[in-house]
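Enquirer: For reference, the sequence and a predicted model appear below.
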Amino acid sequence: MRRINVIGTSGSGKSTFSRNLAEVLHVPHIEMDALFWKRNWGESTDDEFFAALEKALTPPAWVLDGNYHRTVPIKWREADTLIWIDYSFPRTLVQAIRRAIKRCLSQEELWPGTGNTEKFRNTFLSRNSVVWWTIKTYRSNRERYLKVMADPAYAHLKMIQLRSPAEARAFIRQQQEIQAATISPASEQSGR
């Protein structure tokens, strides 16, 4: 497990999970939204986005966070593991709303250098809002990823489905234990 794509509907917690996993594995965390969004909510063209993604995936190991289905030929060609954050619709929606409220209140910049922040009007009153996007795409994403798990075209990917925050925490703990076991006292002494 060296090149991991974490997927899931907006609001599922894939960015937080991805950051935590990358930290445990000591590999780069790559956020697809940060590659796609430009200043003032400008969108990258596909050519720009695909080139940025290709460049970001050059290290030998990484945790890639994001869906962007049109990038599957690039990202899954490079990936060896797919982790699907597949929480229930109510949990995902509540998480998306909480995150949106927090971001609206804090006005934190979402991706460094972009100036992009969430505004109440765009987040809750627009058809392009992240909350509406969560509602609109939850079912179709779920259907798509169930098909992917059964598709022989993706047999090269180890597929892991995490159905609850407890499963996600247990997975992170398991990876911490694996990492700790690989750094044994004998290997530390031989490195001196």
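Expert: All right, it came through fine.
Enquirer: As a check, name the ranges of all strands in this protein.
Expert: With DSSP state E as the definition, the chain shows strands at residue ranges 3-7, 29-31, 62-65, 81-85, 158-162.
Enquirer: mind checking how far Asn67 is from Arg169?
Expert: With the distance defined as C-beta to C-beta, to the nearest Å, Asn67 ends up 22 Å from Arg169. (Glycine included, C-beta is placed from N, CA and C.)
Enquirer: out of the two, which sits in the busier spot?
Expert: Comparing Asn67 with Arg169 by neighbour count (other C-beta atoms under 10 Å), the higher total belongs to Asn67, at 22 against 13.
Enquirer: Any idea what the nearest residue to the more buried one once chain neighbours are set aside is bridged to?
Expert: Take Asn67 and drop its neighbours on the chain: the residue closest to it by C-beta to C-beta, 6 or more residues apart in numbering is Ile7, 5.3 Å away. Each beta-bridge partner of Ile7 is listed here: Trp84, as defined by DSSP bridges.
Enquirer: Could you point out the longest helix of this protein?
Expert: Among the elements of the chain assigned as helix by DSSP state H, the one spanning the most residues is helix 130-150.
Enquirer: buried residues in that helix?
Expert: Applying a neighbour-count criterion of 16 or more other C-beta atoms under 10 Å, the buried positions in helix 130-150 are Val130, Val131, Trp132, Thr134, Ile135, Tyr138, Asn141, Arg142, Tyr145, Val148.
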